[in-house]
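> Have a look at this prediction, sequence included:
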Amino acid sequence: MTPTTNDLPVVADLHDEALAARLQALLDDKTKPLGSLGRLEALAQRLGLILGTEAPALRAPQLVVFAADHGLAAHGVSAYPSDVTWQMVENFLAGGAAVSVLARQHGLALTVVDCGVRHAFAPRAGLVDAKVAWGTADALQQPAMTAAQCAAALRHGMELVRRLPGNVLLLGEMGIGNTSAAALLMSRLTGLDIADCTGAGTGLDAAGVQRKIDVLRRVLERHAQATEPLPALAALGGFEIAAMTGAVLQAAAERRVIVVDGFITTAAVLVAARLRPHVLQRCVFAHRSGERGHALLLAYLKAEPLLDLGLRLGEGSGAALAWPLLVSACAILREMASFGAAGVARAAPDPAPTTP
């Protein structure tokens, strides 16, 4: 089955001038100088608009790590072997990874999805089997996914979100080689040169980065005809990126808040936004990562991330770190007193100019 846009959820425009005005008036009436909470106020308004209310509350937040292997990893585009993908999945499930620690700290439900890892996992709590195949094909030789595989991965992501409770989806990923897939999609869908989209990933040195760029340039040349979002996703992307794309589309259709992590998750949002532009209205971008292409991709999407900590781990770690800011923004709207309720005087108006 070839995926088409007709198979994807409809994502409506959230533009609501009246609600935006009410939210701004509420923020302006809080006991503080105008705009003194800075970007937290913009975040509060965004969350109110996404959830369609003047008193937004974040319920049962779901942090989902999408994992898969990449055939392109055989060309040395990562500093780590492919076995690290399944080993890290085991680490997530055992509670030992950074994202596991942060999810526990912040009370985030953590789910790991096997979208196409080259390993057989024993069934257990917290693991979802959505394996399309045992890793993608080598994109230097053929499309990374068949059209049917791409459609299956998209569908798995959509179905997963339908089953999850709550009104917030935090995105995470794991897959040796997936910064290459993200760079390829970024280059193809933005028109930026692949060298500007490609970074060190898991820690390549300068020579390794140049080798990676050379490999990715050859991949783009091989799949020069895959210019539209879905054909590009099938030719260049990974199973986890396709599943994330489906998850983002479904979460957007359900008016959930989507907390975007780093470079790979932002690449999935790029694909989703090219398919359904109003997806971006539902997104909160957690951080600007240290991966070379991420700042350019955020700029392309006109996205302003909440944090800039030099992170380049992935996993959803940046999304988890940004989570308390979302909680605080909602609390400010719901709980902070107004000038009238608190009996606090407002700022004195500017004195009228005197006539000489």
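That came through fine.
> What's the end-to-end length of stretch 301-310?
Using CA to CA, to the nearest Å, one end of stretch 301-310 lies 20 Å from the other.
> Show me which residues of it are buried.
Buried positions in stretch 301-310, judged by neighbour count with 16 or more other CB atoms under 10 Å: Leu301, Ala303, Pro305, Leu306, Leu307. All C-beta spots, glycine's among them, are computed from the backbone N, C-alpha and C.
> Out of the residues you listed, flag the one nearest to Val248.
Distance to Val248, by CB to CB, is smallest for Leu301 among the buried residues of stretch 301-310, at 12.5 Å.
> Neighbours of Val344, how many?
The number of residues packed near Val344 is 12, by other CB atoms under 10 Å.
> three-state assignment of it?
Secondary structure assignment for Val344 (DSSP: H, G, I helix; E, B strand; the rest coil): coil.
> check contacts around the closest residue to it other than its chain neighbours.
Once flanking residues are discounted, Val344 sits nearest to Thr31: 4.9 Å by CB to CB, 6 or more residues apart in numbering. With contact taken as CB atoms under 8 Å, 6 or more residues apart in numbering, Thr31 is in contact with Met336, Ala337, Ser338, Phe339, Ala342, Val344.
> State the number of residues packed around Ala120.
The number of residues packed around Ala120, counting by other CB under 10 Å, is 10.
> how close does it get to Leu127?
Distance of Ala120 to Leu127, computed by CB to CB, to the nearest Å: 12 Å.
> for Thr111, same thing?
The gap separating Thr111 from Leu127 is 8 Å, by CB to CB.
> what pLDDT does Ser36 get?
For Ser36, the pLDDT comes out at 97.
> helix/strand/coil for it?
Here Ser36 is recorded as coil under three-state DSSP.
> What are the neighbouring residues in contact with the residue nearest in space to the middle of the chain?
Compute the mean C-alpha point of the chain, and by CA atoms, centre = their mean the closest residue is Val260, 2.7 Å away. Taking CB under 8 Å, 6+ apart, we find Val260 in contact with Leu171, Thr266, Val269, Cys283, Val284, Phe285, Ala286, Ala303, Ala319.
> gap between it and Leu51?
Relative to Leu51, Val260 is positioned 17 Å away (CB to CB).
> what's the answer for Ala73, then?
The gap separating Ala73 from Leu51 is 39 Å, by CB to CB.
> Just want to know which of those two has more residues nearby.
Ala73 (24 against 21).
> Surely that one touches Val84?
No: using CB atoms under 8 Å, Ala73 makes no contact with Val84, being 9.7 Å away.
> which ones are touching the residue lying closest to Pro165 once chain neighbours are set aside?
Excluding the flanking residues, the one nearest Pro165 by CB to CB, 6+ apart is Ala60, at 4.4 Å. Shown in contact with Ala60 (CB under 8 Å, 6+ apart): Ala109, Pro165, Gly166, Asn167, Val168.
> mind checking how far the fourth one is from Gly52?
Same thing as Asn167. Relative to Gly52, and taking CB to CB, Asn167 is found at 10 Å.
> after whichever helix or strand Thr85 is part of, next one along is what?
Using DSSP states H and E, Thr85 sits in helix 83-94. Next helix or strand after helix 83-94 toward the C-terminus (DSSP H and E): helix 98-106.
> Can you check what angle separates that next one from helix 83-94?
20 degrees (axes from the mean of the first three to the mean of the last three CA atoms, to 10 degrees).
> can you give me the mean pLDDT across the helix or strand following helix 98-106?
Downstream of helix 98-106, the next assigned helix or strand under DSSP H and E is strand 109-116. Averaging pLDDT along strand 109-116 yields 98.
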